[in-house]
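Q: here you go, sequence then predicted model.
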Amino acid sequence: MSQGKGIVLIVAGALVLLLLSQALFVVNERQVAIKFKLGEIIKTDFTPGLYIQWPFVNNVRMFDARIQTLDAKPQRYLTSEKKNVQVDSFVKWRIIDVATFFTSMGGDYLRANQQLFRIIDKQLRDEFGKRTIQEVVSGERAQIMDILTLNSQTQAKKYGIEIVDVRVKRVDLPTTVSESVFDRMSAERDRIAKEFRARGRADAVKIRAEADRQYTVTLAEAYRDAEMTRGEGDAKAAEVYANAYGKDEEFYSFYRSLNAYTTTFSNKGDIMLLEPDAEFFKYFNQSKSNKK
């Protein structure tokens, strides 16, 4: 009898624990919750804490209240120039109205991501279609992201979703277009390099011509100055000689003759054919007459 009571107590305890587990639920700060009564939503404004419900009559579904990420595969879009660009983007979103999110999306995050992708994809297509490749690559990317965030927020609210941010990670050109752009860039760089080389050669010719001109002018001026200096020296020497000749003509004549003898007889192999009484031997003859 006691054994039967023990089993009954155990079963009763298990039922109580089961009822308590069904009756109690916890909402933490990272969650939002919906409370149903026979499938009908009756409450959504739960704050973090412990709550009680009627087992089998009520049920609760929890959803993540944290920011979610939609990181879609890169997509191709046409620019205003009808050029394809490969765009890699992502969306940050979160639930702000859990009841609307549940009724519109069935509480399915995958379905929500698909719907958000359609919204963002259309926005990207529209915005890229208004701009050139240069604008979307470098000039107006930040502006595009701001417009996408603002426009998509309005559409996402009807699904109980808030768009926190839309980011464009990369904008790439397709391989064929990239090769064409690279070829054009390479040709442009070659053209600029050739232009610089041609300019350098022209400048080099000018510099050499100017250097040659300066060299010629400097050499001519130096030669002119040398000739002027030499002429001045010769004039000064002539003046000195003239002054000396005027003071003692006989001595000056003798001095000049001695210099002529020194220059003439410096080489023993030299031969001169002159008359013995020539003017050149004037002072030799005078020396002989003096000895007699």
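A: Received it, and whenever you're ready, just let me know what you need. A quick note: this is a predicted structure, and the numbers were derived from the prediction, not measured. Residues are numbered from 1 along each chain as shown.
Q: can you get me a residue count around Val166?
A: With neighbours defined by other Cβ atoms under 10 Å, the count for Val166 comes to 26. The way it works is simple: take the backbone N, C-alpha and C, and place the C-beta from them, glycine included.
Q: same thing with Val91?
A: By other Cβ under 10 Å, the residues close to Val91 number 24.
Q: buried stuff in the helix or strand where Arg118 lies?
A: In the assignment (DSSP states H and E), Arg118 maps to helix 109-129. The neighbour-count check on helix 109-129 (16 or more other Cβ atoms under 10 Å) flags Ala112, Asn113, Gln115, Leu116, Phe117, Ile119, Ile120, Gln123, Leu124, Glu127, Phe128 as buried.
Q: now do stretch 128-138
A: Of the residues in stretch 128-138, those buried by neighbour count under the rule 16+ other Cβ under 10 Å are Phe128, Arg131, Ile133, Glu135, Val136, Val137.
Q: what about the second one, distance to Thr69?
A: According to Cβ to Cβ, to the nearest Å, Arg131 and Thr69 sit 26 Å apart.
Q: go on, the first one?
A: Distance of Phe128 to Thr69, given as Cβ to Cβ: 22 Å.
Q: tell me how this protein divides into domains.
A: 8-64, 68-173, 248-291 (automatic domain parsing).
Q: okay, strands next: where are they in the chain?
A: In order along the chain, the chain carries the following strands (DSSP state E): 24-27, 31-37, 40-43, 49-52, 58-64, 68-71, 75-78, 84-95, 161-172.
Q: what's the angle from the second one to strand 84-95?
A: Think strand 31-37. 60 degrees (axes from the mean of the first three to the mean of the last three Cα atoms, to 10 degrees).
Q: now do strand 31-37, average pLDDT.
A: Mean per-residue pLDDT for strand 31-37: 86.
Q: if you count contacts, what does that strand end up packed against?
A: Contacts defined by 3 or more Cβ pairs under 8 Å, 6 or more residues apart in numbering; DSSP states H and E place strand 31-37 against strand 40-43, strand 58-64, helix 98-105.
Q: buried residues in that strand, which are they?
A: Taking 16+ other Cβ under 10 Å as the neighbour-count basis, strand 31-37 is seen to contain the buried residues Gln31, Val32, Ala33, Ile34, Lys35, Phe36.
Q: can you list those in a markdown table and add distance to Phe90?
A: Below are the buried residues of strand 31-37 laid out as a markdown table (distance: Cβ to Cβ, whole Å):
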| residue | distance to Phe90 |
| --- | --- |
| Gln31 | 24 |
| Val32 | 23 |
| Ala33 | 28 |
| Ile34 | 28 |
| Lys35 | 33 |
| Phe36 | 33 |
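Q: on that earlier part again, helices or strands up against the helix holding Arg118?
A: Packing contacts for helix 109-129, counted by 3+ Cβ pairs under 8 Å, 6+ apart, involve strand 68-71, strand 75-78, strand 84-95, helix 98-105, helix 141-157, strand 161-172.
Q: could you export that helix as PDB, CA atoms only?
A: Once side chains and other backbone atoms are set aside, the C-alpha atoms of helix 109-129 remain, and they are given as PDB (Å, rounded to 0.1, in the frame of the first residue of the first chain):
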ATOM      1  CA  TYR A 109      14.100  35.000 -40.200                       C
ATOM      2  CA  LEU A 110      14.900  33.500 -43.600                       C
ATOM      3  CA  ARG A 111      11.700  34.900 -45.000                       C
ATOM      4  CA  ALA A 112      12.400  38.200 -43.500                       C
ATOM      5  CA  ASN A 113      15.900  38.300 -45.100                       C
ATOM      6  CA  GLN A 114      14.500  37.400 -48.500                       C
ATOM      7  CA  GLN A 115      12.000  40.200 -48.200                       C
ATOM      8  CA  LEU A 116      14.600  42.700 -47.100                       C
ATOM      9  CA  PHE A 117      16.900  41.600 -50.000                       C
ATOM     10  CA  ARG A 118      14.200  42.400 -52.500                       C
ATOM     11  CA  ILE A 119      13.700  45.800 -51.000                       C
ATOM     12  CA  ILE A 120      17.500  46.600 -50.900                       C
ATOM     13  CA  ASP A 121      18.100  45.100 -54.300                       C
ATOM     14  CA  LYS A 122      15.500  47.400 -55.900                       C
ATOM     15  CA  GLN A 123      16.900  50.400 -54.100                       C
ATOM     16  CA  LEU A 124      20.500  49.500 -55.300                       C
ATOM     17  CA  ARG A 125      19.300  49.000 -58.800                       C
ATOM     18  CA  ASP A 126      17.600  52.400 -58.800                       C
ATOM     19  CA  GLU A 127      20.400  54.300 -57.200                       C
ATOM     20  CA  PHE A 128      23.200  52.800 -59.300                       C
ATOM     21  CA  GLY A 129      21.200  53.400 -62.500                       C
END
